[in-house]
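Colleague: just the structure for this:
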Amino acid sequence: MQTIFCRILVVPLLLLSGFCLYGFLETFEPLAPVEQWIWRVIYVVMASSCLWATARLWRTGCRGASVRKQSRARG
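Modeller: The predicted structure is shown next:
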């Protein structure tokens, strides 16, 4: 059940990273150069974070947090 829930969480993360890709492409429209770079950095950081979280959730299936809690209780 926990694995299914984590895979469901992947969908909004992928949608958000897609939105960030669209936003990044929109920064090539006429804007002030400083403003373009600020938005590009924001979109790249957000998309990278979403893709990293997606990969982590997909590989571990939410087991990472529960494993850490168990190892602390033993030590």
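Colleague: wait, residue 46 touches residue 21, no?
Modeller: No - with contact defined as CB atoms under 8 Å, residue 46 does not count as touching residue 21 (10.1 Å). The C-beta positions use only the backbone N, C-alpha and C, and glycine is treated the same way.
Colleague: between the two, who's got more neighbours?
Modeller: For residue 46 versus residue 21, neighbours defined as other CB atoms under 10 Å are more numerous around residue 46 (16 against 13).
Colleague: may I ask which helix or strand encompasses the more buried one?
Modeller: helix 33-60 (DSSP states H and E).
Colleague: what about that helix, average pLDDT?
Modeller: Taken as a whole, helix 33-60 has an average pLDDT of 93.
Colleague: could you list the buried residues of that helix?
Modeller: For helix 33-60, burial by neighbour count (16 or more other CB atoms under 10 Å) applies to 43, 46-47, 50, 54, 57.
Colleague: show me what it packs onto, helices and strands only.
Modeller: When contacts are defined as 3 or more CB pairs under 8 Å, 6 or more residues apart in numbering; DSSP states H and E, helix 33-60 packs onto helix 2-26.
Colleague: pull out the buried residues from the helix it packs on.
Modeller: 6, 10, 13, 16-17, 20, 23-24.
Colleague: for the residues you listed, which one is nearest residue 36?
Modeller: Comparing those against residue 36 with CB to CB places residue 24 closest, at 10.2 Å.
Colleague: how much space between that closest one and residue 58?
Modeller: Going from residue 24 to residue 58 by CB to CB, to the nearest Å gives 23 Å.
Colleague: could you find the closest non-adjacent residue to the residue nearest the centre of the chain?
Modeller: For the chain, the residue sitting closest to the mean C-alpha position, by CA atoms, centre = their mean, is residue 50 at 0.9 Å. Leaving aside its sequence neighbours, residue 50 sits nearest to residue 17 (CB to CB, 6 or more residues apart in numbering; 4.0 Å).
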